[in-house]
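Undergrad: My questions concern the predicted model and sequence given below.
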Amino acid sequence: MTDSGSVEVKQPPASNNGQQWMAMPQLNGGASGVPPGLEYLAQIDQLVIHQQIELFEALSGIECKNRYVIKNTLGQQVYYAYEESSFCHRCWCGAGRGFVMHIVDNQYQEVMRLVRPFKCCAGCCWCADAACCSYEINIESPPGQVIGSVRQIGSKWKPMYEILDDSRATVLRIGGPCCPCQTICCTADVDFKIKGSDGVTDVGKVSKQWGGFFREVITQADNFSCTFPMDMDVRMKATLLGASFLIDYMYFEKENNN
């Protein structure tokens with residue numbers, strides 16, 4: 001299992017899709033207190049996350065490490081994300097595996113690191129208030145410094161999450177539908193609504209988008225969007241990006257290999 005903080009960062013494979021990258025904002029991240037590399041988020045109110053199709057995985061059924069292109073609403077690439085996890089965990093634990101997700105900018109500098117620890121008994125919403133039964137992901141920027149986390153919380157049926165800041169205080173909440181799934185007969189977006197800490201005020205949403213028959217049925221490559229206020233703190237925007245990945249793995253990463 002890949003351990004938090006123990007993963008050696010490697011040069012990620014190039015995103016060879018000819019994608020135009022978003023220009024670096026003219027902000028002094030260090031001087032303004034913004035973690036380096038998160039300056040992009042100050043000018044964004046939505047991130048679009050495209051998982052890259054792994055042909056070997058689609059043909060063989062063997063789970064590969066996931067890779068993602070993260071764009072703004074203009075279609076410009078903002079970040080590139082790639083997973084680090086063990087082969088055994090991918091094969092035997094499937095979507096429940098622990099992983100480290102490295103997120104790099106257009107200079108291939110790692111600006112964020114998402115760490116999801118492996119928990120063998122986690123996932124059930126009825127007992128998610130217990131730490132050992134609650135899936136969680138920590139967001140680090142720069143790598144090694146936690147700026148926020150996302151934690152599954154207990155509920156009767158619907159997926160529920162808390163968005164925590166670096167002091168573990170609850171800042172936002174996310175609630176999903178009773179049946180967070182898509183099929184060829186139900187292709188509408190699946191929305192996980194982001195609300196204030198009161199659980200009532202609408203703030204934004206994480207949406208699983210229908211990617212078409214081939215992408216959804218033949219592959220495991222998902223499309224997501226994460227929408228939030230433009231003036232939200234960039235650390236919270238980064239944490240909501242982490243929430244998108246946690247939701248993807250919990251509800252939309254197929255478990256054909258289990």
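TA: Ah, there it is.

Undergrad: can you map out the helices along the stretch 151-258 of the chain?
TA: 213, 234-247 (DSSP state H, counting those that start in this stretch).

Undergrad: now the shortest one: mean pLDDT?
TA: If I follow you right, that is helix 213. In this model, helix 213 has a mean pLDDT of 46.

Undergrad: Stretch 178-191 too?
TA: pLDDT averaged over stretch 178-191 gives 69.

Undergrad: gap between the two ends of that stretch?
TA: Distance across stretch 178-191, first residue to last, is 11 Å (CA to CA, to the nearest Å).

Undergrad: where in the chain is pLDDT low?
TA: For the chain, the stretches flagged by pLDDT under 70 are 1-18, 27-32, 56-61, 180-187, 211-221, 254-258.

Undergrad: ok, which stretches of it are strands?
TA: For the chain, the strands identified by DSSP state E occupy 46-51, 67-71, 77-84, 99-104, 110-116, 136-140, 146-152, 160-165, 170-175, 190-196, 202-209, 223-227, in order along the chain.

Undergrad: just so I know, which of those strands lies nearest residue 92?
TA: The closest of these to residue 92 is strand 99-104. By CB to CB, the value is 13.8 Å. Every residue, glycine included, has its C-beta placed from N, CA and C.

Undergrad: Note down every partner strand of that closest one and its orientation.
TA: strand 77-84 (antiparallel), strand 110-116 (antiparallel) (DSSP bridges).

Undergrad: Adding distance to residue 37 and mean neighbour count, write the strands of the chain out as a markdown table.
TA: Formatted as a markdown table, those follow (distance: least, CB to CB, whole Å; neighbours: other CB atoms under 10 Å):
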| stretch | distance to residue 37 | mean neighbour count |
| --- | --- | --- |
| strand 46-51 | 14 | 21 |
| strand 67-71 | 12 | 20 |
| strand 77-84 | 8 | 20 |
| strand 99-104 | 8 | 23 |
| strand 110-116 | 3 | 23 |
| strand 136-140 | 12 | 24 |
| strand 146-152 | 12 | 23 |
| strand 160-165 | 19 | 21 |
| strand 170-175 | 21 | 20 |
| strand 190-196 | 23 | 19 |
| strand 202-209 | 21 | 20 |
| strand 223-227 | 17 | 22 |
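
Undergrad: Minimum distance to residue 39: which of these has it?
TA: Among the strands of the chain, strand 110-116 sits nearest to residue 39 (CB to CB), with 9.3 Å.
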